[in-house]
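Engineer: my questions are about this predicted structure, shown below with the sequence.
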Amino acid sequence: MNLRLVCACLAACFACTEIRGQEQPASPVVPGGRTTVTISANWRFQLDVSDLGDKEQWQRPAFDRSSWTRVNVPKAWDLYDEALWGYEGIGWYSTQIDRRLARTDQVQRLKFGRVNYHSKVWLNGEFLGENLNGYLPFEFDVTGKLKRDAPNLLVLRVDNRPRLTWLPAAKQIEWIQYGGILQPISLETTAQVYISGLTIDAKPEGRGASISCAVEVTSPPATAGEFRLRLAVSGQPKATKSITLQASGGGKSIAKIALALEQASLWSPDHPFLYSLVATIRTGKSSDTVTSPFGVRKIETRGRQILLNGQPFRAKGVNRYDEYGKFGPNPPRKLLIEDLRRMKNAGVNFVRVHYPQSPEIIALYDEMGFVMSEEVPLNWWGNNFSGKGEEVQSEDILQQAMPALEAMVQRDKNHPAVIIWSMCNESQTANEAGISVMRKLIRRAKELDPTRLVTFVTAPGEVKDHKAFEDADLVATNMYAGQFGRHVAHHIGELGELVTAASKEYLRRQLAAFPDKPLLVTEYGSRGVPGIHGDIDYSEDFQAEFIQAAWKAIQDYEEVSGGVLWCWADYYHRRALIQYAVFGPYGAVTVDRRPKAALRALAKMYGGRVIEPEIREQPAQP
């Protein structure tokens, strides 16, 4: 079938399931004068397999986009039709922003939650800029650019084809590179002088807490004079402070303010208590308000131990992707909450991820009591996992990894759930380039946020060769004895020798390599294909026994700070990484969250219990 016929079939299929958006409402009135309108309606999409859009200038206001397909946003384009499942290429989006949202006396910014991967953005035909990161937010100042006498045309060109010089920076990528607009796009309107950043560091102090706040204020060039800044912890009348600052105009200034709580409830997985800080700035008749939840807690290390609020913390964790079956990275909130409750019931207290997660799910980790390690999406960099020897490794990757680190910390620094910043996963960090890159990222992470732990994660192997651990707060390594390598377990009777004993020997050597640092097993696990049973690898029964054998080795070492199962749920592979199935069957539950035998094993290991959720049908998509 030729390409034109394929595209015609897709268009016809899309047309049958057309979703018509509603016109965007006028900007709502909210306390503080700041308004945010989600740009979610009237989106259209066009496939650009042959990369014609740039040449034909599809972003031009006069270009005819009437035949483009109506789609929901945010939603991965993989889910628009089965023919696009796993599509890596170019797609275009367009919509109109209501002219009633335009303001001439306020600052306006278009904010993009997550667009995967390389994005170019035009407003009314004017090129706003581009973004080279498919995992973190970006924005453009559009003050004075929105028309008040006609609809405003917003156009995006999105390219999710992987490249070795872009993150994750490997020829072989394990997870699906879901394409398109994956998190909401919004128009934010503020006063001319507004709060552009808020950092909160709340630590226990006696029976109370000390709260250090840094408020970044942005003002336009023409602005000068005094403004009033007020900080208040909601529900705590004594935790309030107001100061007068001078606005020089034309830049950013930072005000540092200390608050205190006489009595404080500490945040922990067992007691995830959250406070709320309200920051308000007033200049004449204008004001701007930002509210941020926070928790009072302290994370540190002492010798071999990770300490949370002064008490030893032991991880009973799972790795987790942000996808949920055929919903991709955008499951309904109710299903997401049910999924996290099931994790909590199973005894899970720690979540590790390979790339920054959505603000929504991190907020749920805060509320429900999970601690987490959030990772720069630098994965398998420099390692020849593809077997083709095409990997490229140089310090040039810092041009991508450093901005990603900075954006991740900037966005998520106030979440008490985040206790570890990880610089990479299973990359070549034992050679000169790898050691140098890790050291530079670690040092930058500590400059940006000295309140959390910083590390990176190695593939199974000797951690002593990864010299940048000298700069890290803890050693993090993945452990797959009996799963990969020369001595692979195929039957349950082999697990004692090939998994438990071999894992204990592996841990002994890794503990000896850096005797003054905590050691965390950031991955362990095995595969279990749903519905397959018996005394054979890849069966559910074998998987359940395997993870218990590996966990026993971790438990036998008090010096090890716990383990993190790979992984919570089965996940879809990229089309280029299909070995034995279209998904990685490492989960304790399936891609659509049906329990496997491993779930009961996990609950037994972690001291939890299994609660069966309601069974729901999922969308009939790939």
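Structural biologist: Sure thing, it's come through.
Engineer: now for C213: which residues touch it?
Structural biologist: Residues near C213 by C-beta atoms under 8 Å, 6 or more residues apart in numbering: 198-201, 231, 256-259, 277, 279. Any C-beta I mention is one placed from the backbone N, CA and C, and that applies to glycine too.
Engineer: what about those residues, which one has the most neighbours?
Structural biologist: Among these, the one with the most neighbours (other C-beta atoms under 10 Å) is I200, at 25 neighbours.
Engineer: state the phi and psi torsions of that one.
Structural biologist: Backbone torsions for I200, taken as degrees, to the nearest 10, come to phi -130, psi 130.
Engineer: how about the contacts made by it?
Structural biologist: 211-213, 277, 292, 294, 414 are the contacts of I200 under C-beta under 8 Å, 6+ apart.
Engineer: how about it: what's its closest non-neighbour residue?
Structural biologist: Of all residues not flanking I200 in the chain, F294 sits nearest, at 4.5 Å (C-beta to C-beta, 6 or more residues apart in numbering).
Engineer: which residue ranges form the strands in the stretch 401-550 of the chain?
Structural biologist: Remark: strands assigned in the stretch 401-550 of the chain by DSSP state E, counting those that start in this stretch are 418-425, 453-458, 475-478, 519-524.
Engineer: distance between the first one and the chain's centre?
Structural biologist: It refers to strand 418-425. Distance, stretch centre to chain centre, for strand 418-425: 11 Å (C-alpha atoms, centre = their mean, to the nearest Å).
Engineer: repeat that for the second one.
Structural biologist: Relative to its chain's centre, strand 453-458 lies at 16 Å (C-alpha atoms, centre = their mean).
Engineer: what mean pLDDT does that strand get?
Structural biologist: When pLDDT is averaged over strand 453-458, the result is 98.
Engineer: tell me the confidence at A222?
Structural biologist: A222 is given a pLDDT of 69.
Engineer: ok, what's across the strand from the spatially most distant residue from the centre of the chain?
Structural biologist: Largest separation from the mean C-alpha position in the chain: G225, at 39.7 Å (C-alpha atoms, centre = their mean). Bridge pairing for G225 (DSSP bridges) gives the partners A247.
Engineer: hang on, isn't it packed against S219?
Structural biologist: No. In this structure, G225 is not within contact of S219 by C-beta atoms under 8 Å, at 9.6 Å.
Engineer: thinking again about what came up before, by neighbours, which of the contacts of I200 wins?
Structural biologist: Neighbour-wise, the contacts of I200 (other C-beta under 10 Å) top out at I211, 25 neighbours.
Engineer: element containing it, please.
Structural biologist: strand 208-219 (DSSP states H and E).
Engineer: for that strand, buried residues please.
Structural biologist: By neighbour count on 16 or more other C-beta atoms under 10 Å, the buried set for strand 208-219 is 209-211, 213, 215, 217-219.
Engineer: kindly report the same for stretch 168-187.
Structural biologist: 168-187.
Engineer: same question, stretch 285-292
Structural biologist: 286-290, 292.
Engineer: among those residues, which one lies nearest to M605?
Structural biologist: Closest to M605 out of the buried residues of stretch 285-292 is S292 (35.6 Å), distances taken as C-beta to C-beta.
Engineer: hang on, that closest one in a strand?
Structural biologist: Yes. Under DSSP: H, G, I helix; E, B strand; the rest coil, S292 falls within a strand.
Engineer: distance of it relative to L261?
Structural biologist: 16 Å (C-beta to C-beta, to the nearest Å).
Engineer: mind putting the strands of the stretch 401-550 of the chain in TSV, mean neighbour count and distance to E395 included?
Structural biologist: Output for the strands of the stretch 401-550 of the chain, formatted as TSV (neighbours: other C-beta atoms under 10 Å; distance: least, C-beta to C-beta, whole Å):
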stretch	mean neighbour count	distance to E395
strand 418-425	25	13
strand 453-458	26	15
strand 475-478	24	22
strand 519-524	26	24
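Engineer: just send these back as a markdown table, with distance to Q236 too.
Structural biologist: Formatted as a markdown table, these follow (distance: least, C-beta to C-beta, whole Å):
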| stretch | distance to Q236 |
| --- | --- |
| strand 418-425 | 23 |
| strand 453-458 | 28 |
| strand 475-478 | 37 |
| strand 519-524 | 35 |
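Engineer: go through these and name the closest to H490.
Structural biologist: strand 519-524 (17.9 Å).
Engineer: just checking, what packs against that closest one?
Structural biologist: strand 315-319, strand 453-458, strand 475-478, helix 502-513, helix 540-555, strand 560-565 (3 or more C-beta pairs under 8 Å, 6 or more residues apart in numbering; DSSP states H and E).
Engineer: closest one to R34 among those?
Structural biologist: strand 453-458 (32.7 Å).
Engineer: what inclination does the closest one have with respect to strand 519-524?
Structural biologist: 50 degrees (axes from the mean of the first three to the mean of the last three C-alpha atoms, to 10 degrees).
Engineer: which outside residues touch strand 453-458?
Structural biologist: 299-301, 306, 373, 375, 419-427, 429-430, 438, 441-442, 445-446, 466, 468-469, 472-478, 520, 522-523.
Engineer: and stretch 125-138, by the same measure?
Structural biologist: Contacts for stretch 125-138 (C-beta under 8 Å, 6+ apart): 59-61, 110-122, 140, 142, 145, 153, 160, 166-167, 177, 182-183, 355-356, 377, 400, 403-404, 407-408, 411.
Engineer: got the buried residues for that stretch?
Structural biologist: 128, 131-138.
Engineer: and of these, the nearest to A513?
Structural biologist: Using C-beta to C-beta, those come closest to A513 at Y135, 31.0 Å.
Engineer: got CSV for the helices and strands packed on strand 519-524, with distance to R593 too?
Structural biologist: Listed next are the helices and strands packed on strand 519-524 as CSV, based on distance: least, C-beta to C-beta, whole Å:
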stretch, distance to R593
strand 315-319, 13
strand 453-458, 26
strand 475-478, 24
helix 502-513, 28
helix 540-555, 15
strand 560-565, 16
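Engineer: Serialize the contacts of I200 to a markdown table and add fields for pLDDT and distance to V582.
Structural biologist: Below are these laid out as a markdown table (pLDDT from 0 to 100; distance: C-beta to C-beta, whole Å):
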| residue | pLDDT | distance to V582 |
| --- | --- | --- |
| I211 | 98 | 49 |
| S212 | 97 | 49 |
| C213 | 97 | 48 |
| L277 | 97 | 45 |
| S292 | 97 | 41 |
| F294 | 98 | 41 |
| N414 | 97 | 38 |
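Engineer: farthest pair within those residues?
Structural biologist: Longest span within those, C-beta to C-beta: S212 and S292, 13.5 Å.
Engineer: three-state assignment of P162?
Structural biologist: Classified using three-state DSSP, P162 is coil.
Engineer: give me the three-state assignment for the residue nearest to it when sequence neighbours are not counted.
Structural biologist: Here the nearest residue to P162 in space, its sequence neighbours aside, is I173; by C-beta to C-beta, 6+ apart that works out to 5.7 Å. Classification of I173 using three-state DSSP returns coil.
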